[in-house]
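K.L.:
Sequence plus the predicted model coming up.
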Amino acid sequence: MAGHSQFKNIMYRKGAQDKKRSKLFAKLAKEITVAAKMGLPDPEYNPRLRAAIQAARVENMPKDNIERAIKKSTDQGGENYEEVRYEGFGPGGIGVIVETLTDNRNRTAGEVRSIFTKNGGNLGETGAVSFMFDRLGLIEYPAEAASADGMLEAAIDAGADDCQSGDAGHELYCAPDALHEVAQALETKFGEPRAARIVWKPQNTIALDDEKAETVLKMLEALDDNDDVQQVYANFEMSDSLMEKMSA
């Protein structure tokens, strides 16, 4: 399994803490507001907003919070967030992509750079890392939604390019501009997906020893904890024993 998926699994388990939950809701609300502001404030006609709302529902974000975030997109004088992507290298030479929504580029750049530096990494130029990843649409369903063969057949019919199934669930990949169409086709058969979003998927992963992997996880957790950071992607793998230790 790719390092990013492992990391998010760890973070999800740790996310039961109230502080983490509050911070997560704030990030989800920011994405909902930005998505609504960039398009129509109606998820039926705004695929990005629909995906943002789905992500919020998966995390059990209250309906009132979601509606408040959508309404905020029409408020006069509200914050204007800018999408900025940072790319860099972590311990062991792994590639890291950081997607942010910020109202102050200088502040965010300084904070992201500091996190990389403190954890033995270094921030690079835009494009320094992203060529090692594919930009894809990702649709996720829980394992119980269908058998591996059943999901593969449905994925092909829906126009997905790849389907990976395991104990943790089903991951279906497609071209970014086909995400809304493929997700809708699958939804008619399996119901609303656990997630439907555009991601950076590593073309290859780098295996790290436990020492380097622990340092990477600390760096990724620090990035994830930053208020301006929305998503973090990295192309590493770690041992199952460390995965179990960090998830405990």
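P.N.:
Yes, it's here.

K.L.:
Show me how far stretch 169-182 is from its chain's centre.
P.N.:
Centroid separation between stretch 169-182 and its chain, computed with C-alpha atoms, centre = their mean, to the nearest Å, is 14 Å.

K.L.:
what's the span of that stretch from first residue to last?
P.N.:
18 Å (C-alpha to C-alpha, to the nearest Å).

K.L.:
Would you tell me what the next helix or strand after the lengthiest helix in the chain is?
P.N.:
Longest helix in the chain, counting residues (DSSP state H): helix 18-38. Next along the chain after helix 18-38, taking DSSP states H and E as the criterion, comes helix 47-58.

K.L.:
and the angle for that next one with helix 18-38?
P.N.:
Going by axes from the mean of the first three to the mean of the last three C-alpha atoms, to 10 degrees, helix 47-58 is angled at 160 degrees with respect to helix 18-38.

K.L.:
ok so, going back, name the residues of the longest helix of the chain that come out as buried.
P.N.:
23-25, 27-37 (16 or more other C-beta atoms under 10 Å). C-betas here are computed from N, CA, C, even on glycine.

K.L.:
can you list the residues you listed in TSV and add distance to Ser241 and pLDDT?
P.N.:
Formatted as TSV, the buried residues of helix 18-38 follow (distance: C-beta to C-beta, whole Å; pLDDT from 0 to 100):
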residue	distance to Ser241	pLDDT
Lys23	29	87
Leu24	28	88
Phe25	33	91
Lys27	31	92
Leu28	32	93
Ala29	37	92
Lys30	36	93
Glu31	34	93
Ile32	38	93
Thr33	41	93
Val34	39	93
Ala35	39	92
Ala36	44	92
Lys37	45	90
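
K.L.:
wait, which of these is closest to Leu123?
P.N.:
Lys27 (20.9 Å; C-beta to C-beta).

K.L.:
ok so, going back, so how far is the longest helix of the chain off the chain centroid?
P.N.:
So, by C-alpha atoms, centre = their mean, the centroid of helix 18-38 is 13 Å from its chain's centroid.

K.L.:
what comes into contact with it?
P.N.:
11, 14-15, 46, 48-49, 51-53, 55-56, 59, 61, 65-66, 68-70, 72-74, 78, 81, 83, 101, 225, 227, 229-230 (C-beta atoms under 8 Å, 6 or more residues apart in numbering).

K.L.:
Dump the C-alpha coordinates for it into PDB.
P.N.:
Taking Å, rounded to 0.1, in the frame of the first residue of the first chain, the C-alpha atoms of helix 18-38 are listed here in PDB:
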ATOM      1  CA  ASP A  18     -11.600  16.400  19.800                       C
ATOM      2  CA  LYS A  19      -8.800  18.700  18.800                       C
ATOM      3  CA  LYS A  20      -8.100  16.700  15.600                       C
ATOM      4  CA  ARG A  21     -11.900  16.500  14.900                       C
ATOM      5  CA  SER A  22     -12.300  20.300  15.300                       C
ATOM      6  CA  LYS A  23      -9.300  21.000  13.000                       C
ATOM      7  CA  LEU A  24     -10.600  18.500  10.400                       C
ATOM      8  CA  PHE A  25     -14.000  20.100  10.400                       C
ATOM      9  CA  ALA A  26     -12.400  23.500   9.800                       C
ATOM     10  CA  LYS A  27     -10.500  22.200   6.800                       C
ATOM     11  CA  LEU A  28     -13.500  20.400   5.400                       C
ATOM     12  CA  ALA A  29     -15.600  23.600   5.800                       C
ATOM     13  CA  LYS A  30     -12.900  25.700   4.000                       C
ATOM     14  CA  GLU A  31     -12.900  23.300   1.000                       C
ATOM     15  CA  ILE A  32     -16.700  23.500   0.900                       C
ATOM     16  CA  THR A  33     -16.700  27.300   1.000                       C
ATOM     17  CA  VAL A  34     -14.000  27.500  -1.700                       C
ATOM     18  CA  ALA A  35     -15.800  24.900  -3.900                       C
ATOM     19  CA  ALA A  36     -19.100  26.800  -3.600                       C
ATOM     20  CA  LYS A  37     -17.500  30.100  -4.400                       C
ATOM     21  CA  MET A  38     -15.700  28.800  -7.500                       C
END
